[in-house]
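Participant: Kindly return the folded structure for what I paste below:
(4 chains)
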4 protein chains.
Amino acid sequence: MGKRVKIGIVGLGRLGKHHAENLAWHTKDAALVAACSLVQEELDWAHDILGINALYQSYEEMLDNEKLDAVWIASSSAQHQKQIVQALDHGLHVFSEKPMGVNVAECKIIERATQLHPESKFMIGFVRRFDPSYVYAKELVERGVIGTPFLVRSQTVDMDTYAAFQVKFVPSSGGIFLDMNIHDIDLARWYLEDEVASVYAIGGSYVHPEFETVNDADNTAALLKFKKGSMAILSVSRTAFHGHDTHTEITGSKGILKIGHTPSKNRVEILDVDGVRTECVKDFYERFSEAFLAEAQDFVDCIVSNKQPRMTAQDGTKATEVGFAMTQSFGSGTIISL
Amino acid sequence: MGKRVKIGIVGLGRLGKHHAENLAWHTKDAALVAACSLVQEELDWAHDILGINALYQSYEEMLDNEKLDAVWIASSSAQHQKQIVQALDHGLHVFSEKPMGVNVAECKIIERATQLHPESKFMIGFVRRFDPSYVYAKELVERGVIGTPFLVRSQTVDMDTYAAFQVKFVPSSGGIFLDMNIHDIDLARWYLEDEVASVYAIGGSYVHPEFETVNDADNTAALLKFKKGSMAILSVSRTAFHGHDTHTEITGSKGILKIGHTPSKNRVEILDVDGVRTECVKDFYERFSEAFLAEAQDFVDCIVSNKQPRMTAQDGTKATEVGFAMTQSFGSGTIISL
Amino acid sequence: MGKRVKIGIVGLGRLGKHHAENLAWHTKDAALVAACSLVQEELDWAHDILGINALYQSYEEMLDNEKLDAVWIASSSAQHQKQIVQALDHGLHVFSEKPMGVNVAECKIIERATQLHPESKFMIGFVRRFDPSYVYAKELVERGVIGTPFLVRSQTVDMDTYAAFQVKFVPSSGGIFLDMNIHDIDLARWYLEDEVASVYAIGGSYVHPEFETVNDADNTAALLKFKKGSMAILSVSRTAFHGHDTHTEITGSKGILKIGHTPSKNRVEILDVDGVRTECVKDFYERFSEAFLAEAQDFVDCIVSNKQPRMTAQDGTKATEVGFAMTQSFGSGTIISL
Amino acid sequence: MGKRVKIGIVGLGRLGKHHAENLAWHTKDAALVAACSLVQEELDWAHDILGINALYQSYEEMLDNEKLDAVWIASSSAQHQKQIVQALDHGLHVFSEKPMGVNVAECKIIERATQLHPESKFMIGFVRRFDPSYVYAKELVERGVIGTPFLVRSQTVDMDTYAAFQVKFVPSSGGIFLDMNIHDIDLARWYLEDEVASVYAIGGSYVHPEFETVNDADNTAALLKFKKGSMAILSVSRTAFHGHDTHTEITGSKGILKIGHTPSKNRVEILDVDGVRTECVKDFYERFSEAFLAEAQDFVDCIVSNKQPRMTAQDGTKATEVGFAMTQSFGSGTIISL
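Facilitator: So this is what the prediction gives:
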C-alpha cells in the first residue's frame, strides 16, 4: 500500500467534503493524508469522519510539514491562483476546482507556473469532462457517428431554491457567465475543437430582481461564433423548479447527440394523477456524483501512470477569457470579439 | 356526390355519436343519411347537429324505408347479433361495434350469415387494428424487423374514474375479460398469427370490492399458450390514475416492438416542482380517436373499392371464445384448454 | 347541406393538394366547389379525385364566375398579396398560406385591405397555432401553470433530403429566416405576448456550401430581445437526418413547457441491435397533418359562427418584419433594432 | 485505519473480480486482505492488481490462517452452502452471492446456521435491493405514493450474445427460473410483503432449440398468486438484442411505479438516420454496477454499525422455493401450490 498517492486537501466546504470522501474512501491508489481549512468544525469532521490526523489551518504549513505527492484545492476562488502556484513550486501535483483564477491575468500566471513544472500534473476541475455520458458523447464524435460537429447548444440550469444564496455569491463568483456557463464554454471548445471568435449575450432578472441590483441576471442566453466557423448557443437559468437541468446538444453534419435531456433522478417513473413523471436531480452534486469520482480517479491515475490530464491550464484560461467576454457583452449590449 | 356510400347508424350513445360525427363530417365518400335510436334526445341531436332527416326508433323500419348501402351498428351488445343478420339479409354492408355477439353461439350465427352474403362487406370494430401505431407495428413485423414474433404482452387499462359505472355494466358486458381483454386477444392473434390453445387467468378486486360481488375483478392477469407454441401475457386494470394506458409489446426472434407505452396526451412535457411529466389520454375515445376515423374510412373504402376488410366474422368468434375461456379460468382457478 | 361554406382553392402543389383533400373530405360544413391552377395536371387531379367541376386557370375568372363564400390561397408566394386583396375586394373570406407577402410593404397593403373589409374573415396559415400540442401549451400558459413566460426557444429543422431542392427555392422563399423561422417568430410572439425589439443572427453553410453562394445558410441561430424584456432563442437547420424536428420550449417563472421534443412518428418503439429507438416524422406535412385539418376546420368555423380567427393580418406583418431583420443581421453581422 | 473490516474473498471469476475491486478500492471501512481461488491466474491477478499477499487455494486454510472479520463468497453455486456454514462456524460475517444453495434443503441448513450464529451478519446477494432506483421505489411505496401495492410485473432479460454460454450453464445454474427469475421473485416478495401461494409457468425455446434439449427454455412467463391475494407476472428472456433489459413495475391502489424501463446505457441520445435512439446496458454488471458497490458498502456498514442486513437467509430460502415451484410448473404444465 506504500504506492498510494499521498494527497492533502485544502477547503472542506460542501464541495470540498464531497471530494474528500471520494479521495478517502472510493479512489483507487489514493490516500488522503492531510487536510487544511480555516474552519475548525471542518477539521474536526476530517478527523472524526475521515480519520485524518494531519490537520492544518495554514496551507503553507501543510505544504512544508507533510510529505505530500499532491494537493487537492477546493478552497474559495480567490485563493486558487496563489495556492496552485505554491504547490507547483513545492514540486507537487495539483488539482484545482474551477475557476482556475478570478481573472485572465491570474490564469496566465498559472499557465506559466505549469510550464515551469512540466513534471507536475495539473488538472482543472471541469468535471463534466468526466461524466460518463459526456465522455461517451466525445467517443461517439471521435468515431464519426455525427460527422463533423458545427453547433453546440449547452445550458446550465440550477434550481430556484439556491437563488437567494447565489445573489450573495455574485461578487466573488464573477457572475452568472463565469460561475455557470464556464462549463458550457469548456464543453463547446472540447466538442467543436475550435476557439471562440466573438460573443453576444443577453438576459434578465425575471424571477429575482435582486440579481439586477448586482449587475447580474437570473436567466441568460448567448451566441458564440468560433474561429473556424462553428457556433454555440449557451444559456443559463438560476430559476428552475424541476431540478438541476444541465444538458448539451452537439449537432454535426451527419447527426446530433443529446446529453442529459430530462435530468432524471434515477430509473423510476411515477404514474399517478399527475400523469407519467420522472423526478429530477436536485443539484450538480447529485447530477455529477459519478463524474466527481471519475475526476478524482483520473487525477490519481495520471500521477500513477505518468500520463497527461485531458485538459490543461490553457483550457482554464481560454474558458475564463470567454466568460469575461460574455459578461462584458451582457453589460454593454454589444457583440464582443476576442 | 351521388357515389357516396349511404349509411344508416343505429345507436347514438357516447360511442355512437363519435362514430356518427366521423361518418357525417370526416369520412371521404360517406354519407350518413339515417339514424336509429330508442332515445328521442339522441335523434334530436342527429337532426340538429348532423342535419339528418331520416330518423327512426325502429331498426326494421329504417332498413325497410331507406335505400341504404350500409348500416353502422353501435347499439347495445344484446342487439348486435340480430341487427347484423337483419342487415345482411337486406343485402347491406355491415359494421358492428364489438362484441360481435354476447356468446359464442351468437358469433357462429353471424359467421354463417356473412358466408351466406359474401357480396356484403362485414367489419367488426376491433378498432386497435386501425390505430396508426398498431398498423405500423404490423408493417414492421411483416418487414421482418423483429424476426419471428413469439410473445405478445398486451394490456387494457382504464381510469379508476369509470370503475363505479363499470360495476353496473358487468352483467351486460360479459365481465372484464370479454369487455376489455377482447382487444388484446385479437391483437395477440393478429401479430402471432396463431390460435389460442389454453388460458390461465387470475385477478382480484383490489380497489373496488364491489366487482367481487358480481364475480368480476378490477385487475387481472392471464397467460395464453398458442397452438404453434407462442405465448401471450394479457392484463387488465380498471383502476389507473394516470390515464387510459392501453399498450402492447411484441417480442420476436430479432427484436421487440413496444406500442403505446406512456400514453401521452400530446407532445407537451411539463417541467415543474413535480419533475418532468407528460399528461396522459383519459379514455379510449381520446387514445383511439384517429383509429375510429381510420376504421370508418376503411369500411367505406372497402365498399367503394370492393376489397375485403382486414378482419372477418371469424376473428370475432375466435376472440369471443378465448374471452369466455379466460372468464372460466378466472372463476374456476384452473387452466382451460380450447 | 345548403349551409356549407363554398370554397375555391388556388394553388394545387403538394401543400395545396393536402389542403384541398382536407376541405373536400374531412372538414365539417365545408364544400370545396372550385379549383384554380396554372397546371392542367393539377386541375385534372381536382376533377378526377375530388370530383370538382368548376376548374380555372384564371384566378380572376374563378372569383367572377363562382358564387364563393371563401378562397383558400395556396399559390406561389409572389401571388399571395394580389390574390388576397382581390378576394377581399370581392367580399370573400380569405385563408392564405404563409408568407402573407414577400416583403413588409405587401403585408401592410394586406393589413389595410382587411381593415377595409371587416366583414371578411382573414386567416394567415401559421399552422402551428392549430397543432393540438401547441394549442394545449397555450392553454397551460393561460392557466398559469408555468407562471409568467419570459423565454421561448424554438427551432425549425428539416431533413437533409430536401436541402438540394431548398437551394433553388431560396430566391423566392426569402431565405432561411423568412421561410423557416417565420413560424418560430410567430410562436414566440404568441406565447410571450411581446414584440421584438432587436435581433442578432448567425449561421453558416456547414453541410451544403451552395447555400452560401446564394447568401443563405443551412444552419442558423438567433437571439431576440423583446420590448418588455423577454427573450427568444430561434434556430433553424436544413440538414437533419433523423426527421423533421420542429420543437419549442417556453420558460416561465414557475416552470417550463416542452412541445414536440423527440418528433416521434407514432407510438411505436423499436428495440433491436441499435438499442431503443423511435422513428421520426419526415416532414412538416406529417408532423402537422392534424394541425392542417384543425386550421381548415377553424377557418370554416369562424365563418359559420362569425367569430374572429385567432391571428390577424397584423401578426403576418410583424413576423415578416422580424424575419427581414434577422436576414439583415445575418448578412451584416450586426445587431438589428426594430 | 485499524478499524477496517478485514475480508477474505473466495471465487475470482468475472463477478468475483468485480466484487474484489469494489472491496479493495471503493468501499469505505473495508480491507480486502485475503483471496482464495482454485485458479492460479486468478490468484496472480489478486496479487498483482489488488496487491493482496494472503493467497489460498484452500478455503479452509484461509479461514484457519487469516484473522478475518468476514468472508465474501463468489465461488461456484455448488460450494455456497458448505462455505457459508464453515465461515459462520468460524464466527465470521458472511456475504454470499446467490443462489444461497442449490436446493431448498441446502437453504434450510444455512438458515439454521445463521440462527446458531446471531452475532454474525449474513447477507445474500440479491443485488437489485441495493440498486438506487429499486431502493427509491421501495421508499416511494413506503411513503404511500402508490397506495397499497397488489401487482408486481418484473422481468430479467439477457442479451442473446450470452445464450450459447448459458446453455452449458443450465445444469449447474438450476435453469432459467432459478438462475434468472430468482431476483424477480425476491423483488415481488419485497414490494408486496406477501408470500407466494401458487405458480404457473410457461415458455419455450424460440430462438435456441438447444435449451429444450436440457429441459430449459429461452423465454418464459409466469403468474404467481400470493397468500394475501396479490399477484405477480414474471418473465425471462435470454434472447434480447437491444441490451440487458431488467425492469419492474409495481401497481398499487393509487398509482404505479416503473423501474428501469428502457435500460439506457447513459444519458446520451443519438439522432441519426435511424431516428432517435438510446443505447442500452449490455449486461447485469453494467446495469447494476452501482448496486454491487452499494451492496458491498452496506455489508461492511452492517458489520461496523452492528445493524441487520435488509434481507435474511429466510429470504434466500423463500425465493429458492418459488423458483423450484416455477421450474416444476414449467415441466409439468400444471399449477403448483406452495
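
Participant: contacting residues around A:Tyr56?
Facilitator: Neighbouring residues of A:Tyr56 by Cβ atoms under 8 Å, 6 or more residues apart in numbering or on different chains: A:34-36, A:43, A:62, A:65. The C-beta positions use only the backbone N, C-alpha and C, and glycine is treated the same way.

Participant: of those residues, list those near chain C.
Facilitator: Taking Cβ under 8 Å from any Cβ of the partner chain as the test, chain C is in contact with none of those.

Participant: With chain C in mind, check whether the helix or strand encompassing A:Glu139 reaches it.
Facilitator: Using DSSP states H and E, A:Glu139 falls within helix A:132-142. No. Contact of helix A:132-142 with chain C is not found when judged by Cβ under 8 Å from any Cβ; the minimum separation is 12.4 Å.

Participant: So what's the gap between that helix and the chain middle?
Facilitator: Put simply, helix A:132-142 sits 18 Å off its chain's centre (Cα atoms, centre = their mean, to the nearest Å).

Participant: can you check stretch A:168-185 too?
Facilitator: The chain centroid and the centroid of stretch A:168-185 are separated by 11 Å under Cα atoms, centre = their mean.

Participant: That one near chain C at all?
Facilitator: No. Counting by Cβ under 8 Å from any Cβ, chain C has no neighbours in stretch A:168-185; the shortest distance is 13.6 Å.

Participant: Tell me the confidence at the residue of chain A most remote from its centre?
Facilitator: If you look at how far each residue of chain A sits from its centre, by Cα atoms, centre = their mean, the farthest one is A:Val273, at 38.5 Å. Looking at A:Val273, its pLDDT is 97.

Participant: Just the terminal-to-terminal distance for stretch A:92-103.
Facilitator: Chord length of stretch A:92-103, first to last residue, is 24 Å (Cα to Cα, to the nearest Å).

Participant: what does stretch A:327-338 give?
Facilitator: Using Cα to Cα, one end of stretch A:327-338 lies 13 Å from the other.

Participant: next one: stretch A:69-80
Facilitator: Chord length of stretch A:69-80, first to last residue, is 18 Å (Cα to Cα).

Participant: Which of the helices or strands spans A:Val236?
Facilitator: Using DSSP H and E, A:Val236 maps to strand A:231-240.

Participant: where's the residue of the stretch 51-200 of chain A found nearest chain C relative to A:Lys258, distance?
Facilitator: Across the stretch 51-200 of chain A, the shortest distance to chain C (Cβ to the nearest Cβ) belongs to A:Phe150, at 4.2 Å. Distance of A:Phe150 to A:Lys258, computed by Cβ to Cβ, to the nearest Å: 16 Å.

Participant: burial measure for the residue of the stretch 1-150 of chain A found nearest chain B, as a count.
Facilitator: Residue nearest to chain B within the stretch 1-150 of chain A: A:Ser133 (16.9 Å; Cβ to the nearest Cβ). Residues contacting A:Ser133 under the criterion other Cβ atoms under 10 Å in any protein chain shown number 22.

Participant: Please read off the pLDDT at it from the model.
Facilitator: Looking at A:Ser133, its pLDDT is 98.

Participant: what does A:Ala164 give?
Facilitator: At A:Ala164, the pLDDT value in this model is 88.

Participant: Let's verify it: helix, strand, or coil?
Facilitator: Of the three states, A:Ala164 takes helix under DSSP: H, G, I helix; E, B strand; the rest coil.

Participant: From A:Asn266, how far out is the residue lying closest to it once chain neighbours are set aside?
Facilitator: Among residues not flanking A:Ala164 along the chain, A:His208 sits closest, at 7.7 Å (Cβ to Cβ, 6 or more residues apart in numbering or on different chains). Going from A:His208 to A:Asn266 by Cβ to Cβ gives 30 Å.

Participant: do A:Val39 as well
Facilitator: Distance from A:Val39 to A:Asn266, by Cβ to Cβ: 33 Å.

Participant: What's the mean pLDDT across the host helix or strand of A:Gly203?
Facilitator: Here A:Gly203 sits within strand A:196-204, counting by DSSP H and E. The average pLDDT for strand A:196-204 rounds to 98.

Participant: So what are the sheet partners of that strand and their directions?
Facilitator: Strand A:196-204 has the following strand partners under DSSP bridges: strand A:219-226 (antiparallel), strand A:336-337 (antiparallel).
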